[in-house]
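Chemist: task: produce atomic coordinates for the following.
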Amino acid sequence: MTSQMTPLDLDKLEGDAKRAAMKQVANMLQRPDQLEKIDQYKRRVARKKASVETMLKTAMQSQLDGVRNGLNQLQTALTDIALIRQSLEEVDSTYRSMSELQERLKTVQTESSRHRQLGAAVENLKHIFTVPETVKKTSDYIAEGRLLLAHKCLSDLEASRDEMLAELHKQPTQSVTDRNMIHEYFKDVDKLSSDLSKQLWIVLQRTLSTVRREPTIIVTVLRIIEREEKADAVALKREKQTSFLPQGRPKKWRQKAFQVLEKTVSQKMEGCQLDDRTDDKMWLVKHLELIRQITSDDLKVVKSLCEPCFPPEYDIINKFVNMYHNMIKEHIQDLIQDLQGNEVVSLLTWTNSYKGRDMMGNPELRIDTPKLSPILDEVTIQQLQQQYLQTMRKNIQEWTTNSLRSDIADWYKEAEPEQDGDGCFNTPLPVILFQMFEQNLQVAAHIKETLVVAVLNLCVEEMQTFSRQYSQEIRDYKDMHLQDRSKLRFYTNFMIANINNCSSFIEFTCKMMAKYCKGDIDETDMSENKLNTLEKTFDCIAREGCTYLLEEVVMDLKQHYDDILTRKWLTSNIVVETICITIEDYCQDFFHLKKKFLEDMMAKAQYGIIVQYIKAFTASSKRISFKNYEERKTAAEKAIKEADQYQKVFSKLTSQELVVKLPWKAIYDMAEVIKLKDPTVLSLEVSALYDRFPDARLEQLINLLQLRGDITKSDSKAMIHDTIGEEQITSPKSEGVFTSAITA
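Modeler: Numbering: from 1, shown residues only. Okay, the predicted model is just below:
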């Protein structure tokens with residue numbers, strides 16, 4: 001189909017060429033002056049045409065030369081094939097005539113076989129007659145340690161025996177009698193080979209000690225082994241050719257040599273265990289350290305002394321490294337089956353440092369440690385870590401319990417607690433506990449970085465458990481004191497120390513978290529949530545302890561609080577002076593509190609005094625009935641004066657800002673309600689009081705007005721309703737100082 005289209009294609013191309021030429025000529029002759037250059041254009045086109053024709057002729061000539069060479073080569077190949085065919089026919093004809101020749105030469109073949117046997121016998125005749133003598137000489141050489149001479153004699157004996165057996169093997173009909181006779185005659189050779197190999201293995205078992213004293217002995221043993229390896233190779237090659245394999249071949253002494261070295265390493269690993277758990281609690285640490293020392297020292301000897309003695313193809317350094325590595329792996333697998341308590345920690349720490357500078361990673365050894373397989377697989381490591389965490393939890397629980405018991409014993413002693421640099425009381429308990437936590441975290445950091453977060457969470461969890469126990473012990477301590485307040489002389493001091501301890505617990509925990517909490521985001525968030533919970537727990541314990549201290553103060557001042565707004569109080573300054581002196585006296589101890597707890601205590605003490613005055617002013621049963629306005633005015637002014645006095649005292653004990661923040665205004669406002677002479681404007685004072693303290697209850701306001709003595713209860717109630725409003729009075733109340741006065 002292509003050949004039919006070719007003429008059409010050529011015609012089309014010729015037409016396209018003519019059109020292109022016409023267009024080119026038209027472009028060249030567009031102006032009249034260009035007609036003068038026609039000759040020039042013709043010469044240019046002629047030169048171009050001649051150049052193209054020359055190129056075409058050259059291309060065609062090249063193609064023709066290639067075709068001619070190809071045809072010549074094909075002709076030569078055809079001639080060669082004919083010659084080869086002729087040669088193959090001649091070979092085939094010759095081969096067919098060989099069968100008759102074989103029959104005619106059978107007698108010659110038999111004589112040739114007999115000749116070879118006799119030749120072998122003549123060649124080995126000397127050795128055959130001297131076999132008993134050579135056997136004895138070889139045995140003596142082995143006993144004397146002259147191993148090279150012993151091996152030479154043994155090789156001669158084996159060569160004589162194997163040559164004779166090989167000739168028997170070539171016989172068409174092999175004689176069992178002849179074979180047995182040769183085996184019987186050379187029966188001592190196998191024993192000599194076994195004795196020599198035993199001597200070699202004994203030397204190899206002591207390689208690392210022998211190479212220090214007499215490295216030539218190691219070289220001798222290795223030369224013998226290599227000769228046997230070559231003999232094995234020759235025997236195997238001969239077997240492929242003749243199907244005859246000498247007795248005892250291949251010996252594979254190089255393989256056995258490595259087996260001997262592996263067994264020696266295994267025995268060393270087992271021999272490192274000098275004690276067991278019953279003899280020494282630190283048995284595992286000592287055992288692992290001994291393994292480290294022996295392995296490191298032995299590999300250094302291999303690197304420096306064995307490498308020059310062993311042939312390069314032995315790759316002796318890597319071979320020894322792998323032997324020690326594999327034996328240690330197997331030994332560690334055996335050890336982990338019976339680990340107890342902190343032994344898990346010792347093992348995990350040791351395996352973590354296995355590839356470090358003190359062992360396999362020693363720069364002198366130049367071991368490619370990344371290529372060494374892990375001592376323990378990940379599943380086993382996880383199991384050991386869980387066992388480690390369980391043991392740690394148990395130890396921490398025992399330690400925290402024992403530490404707390406020891407600390408509690410100090411609470412009942414006749415001695416003050418310790419003071420820090422700021423004069424704050426404390427006990428050693430927080431430091432003791434967090435030293436233990438720090439030690440466990442440092443151990444975990446040496447084992448595995450991811451284990452640190454798990455240990456951190458465990459410590460925080462155990463601190464949470466400890467906090468409940470600690471809180472209960474403080475509560476029991478307070479109850480014991482209240483049974484007989486004269487017994488525990490330093491009760492206040494130790495209660496302050498325990499409050500300060502709560503701050504130390506929080507502070508140490510935060511530092512511990514900041515130092516070690518570097519895990520993934522989820523674990524970090526979980527740890528921070530636990531930390532926030534723990535902070536709140538210890539803060540509650542501390543504030544509960546502050547409450548216990550204030551209860552002590554309240555118990556001492558209860559009678560004086562009850563005397564507020566009584567006839568005794570009105571006619572004397574004993575109540576306020578006693579309260580102030582008592583507060584100042586207790587504050588001498590409270591100053592040993594840490595700042596935030598001291599401020600909290602001062603605030604609560606002031607708040608308590610304000611509440612007591614509110615209780616006195618708003619009590620349902622009046623503590624005093626005023627005889628006249630002057631007496632009422634005196635009481636009001638006395639209350640205001642005492643409020644000023646309290647604030648002055650507390651300003652000395654704590655910051656002025658803290659005093660100002662507290663609701664002392666309640667006393668002033670109540671005093672103003674009592675002091676006001678004109679009852680018609682009383683509603684203004686009540687309204688001002690309620691605006692400032694919206695938690696005031698209706699009953700409290702009524703009782704306050706009743707204290708005046710010049711207004712009835714119904715009028716008081718009506719005035720309050722009119723002034724404040726029914727909706728305000730009945731609406732839910734927020735917590736405040738007046739609410740506290742009701743529940744106090």
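
Chemist: quickly find the element holding the nearest residue to V189 once chain neighbours are set aside.
Modeler: Nearest non-adjacent residue to V189, counting by C-beta to C-beta, 6 or more residues apart in numbering: L157, 4.8 Å away. (C-beta placed from N, C-alpha, C; glycine too.) If you go by DSSP states H and E, L157 is part of helix 147-170.

Chemist: may I have that helix as CSV, with CA atoms only?
Modeler: Listed in CSV are the C-alpha atoms of helix 147-170, where the atom choice follows Å, rounded to 0.1, in the frame of the first residue of the first chain:
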residue,chain,number,x,y,z
LEU,A,147,51.9,-29.2,66.9
LEU,A,148,53.3,-28.2,63.5
LEU,A,149,55.5,-31.3,63.3
ALA,A,150,52.6,-33.5,64.6
HIS,A,151,50.4,-32.1,61.9
LYS,A,152,53.0,-32.7,59.1
CYS,A,153,53.3,-36.3,60.1
LEU,A,154,49.5,-36.7,60.4
SER,A,155,49.1,-35.2,56.9
ASP,A,156,51.6,-37.7,55.4
LEU,A,157,49.8,-40.6,57.0
GLU,A,158,46.4,-39.4,55.8
ALA,A,159,47.8,-38.7,52.3
SER,A,160,49.1,-42.3,52.1
ARG,A,161,45.9,-43.8,53.3
ASP,A,162,43.7,-41.6,51.1
GLU,A,163,45.8,-42.3,48.0
MET,A,164,45.5,-46.1,48.4
LEU,A,165,41.8,-45.8,49.1
ALA,A,166,41.4,-43.6,46.0
GLU,A,167,43.1,-46.3,43.8
LEU,A,168,40.7,-48.9,45.2
HIS,A,169,37.8,-46.6,44.5
LYS,A,170,38.8,-46.5,40.8
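
Chemist: now do the buried residues in that helix.
Modeler: Residues of helix 147-170 classed as buried: 147, 150-151, 153-158, 160-165, 167-168 (neighbour count, 16 or more other C-beta atoms under 10 Å).

Chemist: again with stretch 300-317
Modeler: For stretch 300-317, burial by neighbour count (16+ other C-beta under 10 Å) applies to 301-303, 305-306, 309-310, 314, 316-317.

Chemist: now swap in stretch 407-417 and tell me
Modeler: By neighbour count with 16+ other C-beta under 10 Å, stretch 407-417 contains the buried residues 407-408, 410-411, 417.

Chemist: and the next helix or strand past the helix holding L157?
Modeler: Taking DSSP H and E, what comes next after helix 147-170 is helix 176-185.

Chemist: and the helix or strand just after that next one, how far out from the chain middle?
Modeler: Proceeding N to C from helix 176-185, the next assigned helix or strand is helix 187-205, under DSSP H and E. Taking C-alpha atoms, centre = their mean, to the nearest Å, one finds helix 187-205 lying 51 Å from the centre of the chain it belongs to.

Chemist: identify each buried residue in helix 187-205, please.
Modeler: If you call a residue buried by 16+ other C-beta under 10 Å, then helix 187-205 has these buried ones: 188-189, 192-193, 195-197, 199-201, 203-204.

Chemist: tell me the mean pLDDT over that helix?
Modeler: Summarised as a single mean, pLDDT over helix 187-205 is 88.

Chemist: mind giving me the packing neighbours of the following helix or strand past that helix?
Modeler: Following helix 187-205 in sequence order, the next helix or strand is helix 207-213 (DSSP H and E). In this structure, helix 207-213 packs against helix 215-242, helix 283-301, with contacts taken as 3 or more C-beta pairs under 8 Å, 6 or more residues apart in numbering; DSSP states H and E.

Chemist: tell me the most buried of those helices?
Modeler: Mean neighbours per residue, mean count of other C-beta atoms under 10 Å, is largest over the helices and strands packed on helix 207-213 for helix 283-301, with a mean of 18.
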